[in-house]
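Trainee: Below are the sequence and a predicted model; questions follow.
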There are 2 protein chains.
Amino acid sequence: MNHDHYPSKLLETATSEFASLPGIGRKTALRLVLHLLKQDLADVERFSSSLLQLKKEIRHCSYCHNISDTETCSICLDSKRDNSLVCVVENIRDVMSVENTRQYPGLYHVLGGIISPMDGTGPGDLNILSLEEKVAGGGIREVILALSTTMEGDTTNFYIYRKLNKYPVKISTIARGVSIGDELEYADEVTLGRSIANRTLFESSFNNGKAY
Amino acid sequence: MNHDHYPSKLLETATSEFASLPGIGRKTALRLVLHLLKQDLADVERFSSSLLQLKKEIRHCSYCHNISDTETCSICLDSKRDNSLVCVVENIRDVMSVENTRQYPGLYHVLGGIISPMDGTGPGDLNILSLEEKVAGGGIREVILALSTTMEGDTTNFYIYRKLNKYPVKISTIARGVSIGDELEYADEVTLGRSIANRTLFESSFNNGKAY
């Protein structure tokens, strides 16, 4: 597939490594490598070692499975957070997305994926057992399921619901509806249909302060 | 500028390194780093070392200034190539672009840039003296200037022309005209104007075999 004429095997190898990253084609890879080649050796060493150090030293929080520099992550260690609220997400990036809203006061539980028979991911591949143990241990008042609004997300939500509904815990899912700032005419029919069926009382849009 | 909540300092550092690359924003950088984090340690080590090895071991061909794994690059060493033809290009990527046409039989001379008063690049910063010495040494019948068709490219072409025209060597520049496959109505006026002024004899479009 690669018919480019590389003047150097070293250049070709480094370019191939970059081109193996998702969304990076060979042209972009070459541009990135040539950019790095123009930097000082110390900069390239810093670039390389940041990756290696991350790979070698990163841990997963023993409580929520989020990645962490320490045995327990900074979110789980934060005494100002509400540890009776658990938000279940698919991966690390989703934790960051919810954190970026600056509105969620509770803790997380990272599943490490989503149930997807197509990709061969079953419940046993995910951190679902530890979620059940966490809930069974008590002290959790609400589990918020914040998974993708897809078939796989719905399947996973339902699986977790069936595992947890024998415990005295409230189980909720994130609201699905028309995105804020969207015009109705551009919303797809499924979303619009659900957002009407699952309408909320108008007054409840005022009490954001009591959301949890 | 960065208000994201990174669960790990190591992750943030690696993401910042990737985000320092041209055209890579923080979201893309995070996606690339998390992708690498999912790979085996051996893969990450290979990725890192390919870059470091490139930076530490790469050389520049002593004859054409192209990057090379060896003292003289594989193009200059190729005895099947016509060493009386020299194609002057701005950088390594341009060598690769011309090589990818699979039509050019001669050697190269990489300037390492282009005269640009705006960027503070003068003739002394470029490999122009070694080009003149190469031509002065004899054995070169044609120098093909293949620089960008910009103001800076034109300035550099003219500077090189004035340095070389005292030697018995043919000096040419790449043809400028309407791109092959383009429709006339979409060509800009400057290009179209020049392509009419610099029209070529119709028969000459047949003798591709005698181009050099």
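Mentor: Nice, I can see it.
Trainee: Is any residue of the longest helix seen in chain A near chain B?
Mentor: Longest helix of chain A, by residue count under DSSP state H: helix A:41-57. Yes. Contact of helix A:41-57 with chain B (CB under 8 Å from any CB of the partner chain) involves A:41, A:44-57. The C-beta positions use only the backbone N, C-alpha and C, and glycine is treated the same way.
Trainee: Please save the CA atoms from that helix in PDB.
Mentor: The C-alpha trace of helix A:41-57 is given here as PDB (Å, rounded to 0.1, in the frame of the first residue of the first chain):
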ATOM      1  CA  LEU A  41      17.200  16.200  21.000                       C
ATOM      2  CA  ALA A  42      16.100  17.100  24.500                       C
ATOM      3  CA  ASP A  43      12.600  17.900  23.200                       C
ATOM      4  CA  VAL A  44      12.400  14.600  21.300                       C
ATOM      5  CA  GLU A  45      13.600  12.800  24.500                       C
ATOM      6  CA  ARG A  46      11.000  14.500  26.500                       C
ATOM      7  CA  PHE A  47       8.300  13.500  24.000                       C
ATOM      8  CA  SER A  48       9.400   9.900  23.900                       C
ATOM      9  CA  SER A  49       9.800   9.500  27.700                       C
ATOM     10  CA  SER A  50       6.400  11.100  28.500                       C
ATOM     11  CA  LEU A  51       4.800   8.200  26.600                       C
ATOM     12  CA  LEU A  52       7.000   5.500  28.100                       C
ATOM     13  CA  GLN A  53       6.600   6.900  31.600                       C
ATOM     14  CA  LEU A  54       2.800   7.100  31.200                       C
ATOM     15  CA  LYS A  55       2.700   3.500  30.000                       C
ATOM     16  CA  LYS A  56       5.000   2.100  32.700                       C
ATOM     17  CA  GLU A  57       3.700   4.100  35.700                       C
END
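Trainee: how far does whichever helix or strand comes after that helix sit from the chain's center?
Mentor: Later in the chain than helix A:41-57, the nearest helix or strand by DSSP states H and E is strand A:59-60. Averaged C-alpha coordinates place strand A:59-60 at 15 Å from its chain's average position (CA atoms, centre = their mean, to the nearest Å).
Trainee: other SSEs contacting strand A:59-60?
Mentor: Packed against strand A:59-60, as judged by 3 or more CB pairs under 8 Å, 6 or more residues apart in numbering or on different chains; DSSP states H and E, are the following elements: strand A:67-68.
Trainee: Tell me how far A:Tyr167 lies from A:Ala14.
Mentor: Computed with CB to CB, to the nearest Å, the distance linking A:Tyr167 and A:Ala14 is 52 Å.
Trainee: more crowded one of those two?
Mentor: The neighbour count for A:Tyr167 versus A:Ala14, taken as other CB atoms under 10 Å in any protein chain shown, is higher for A:Ala14 (28 against 14).
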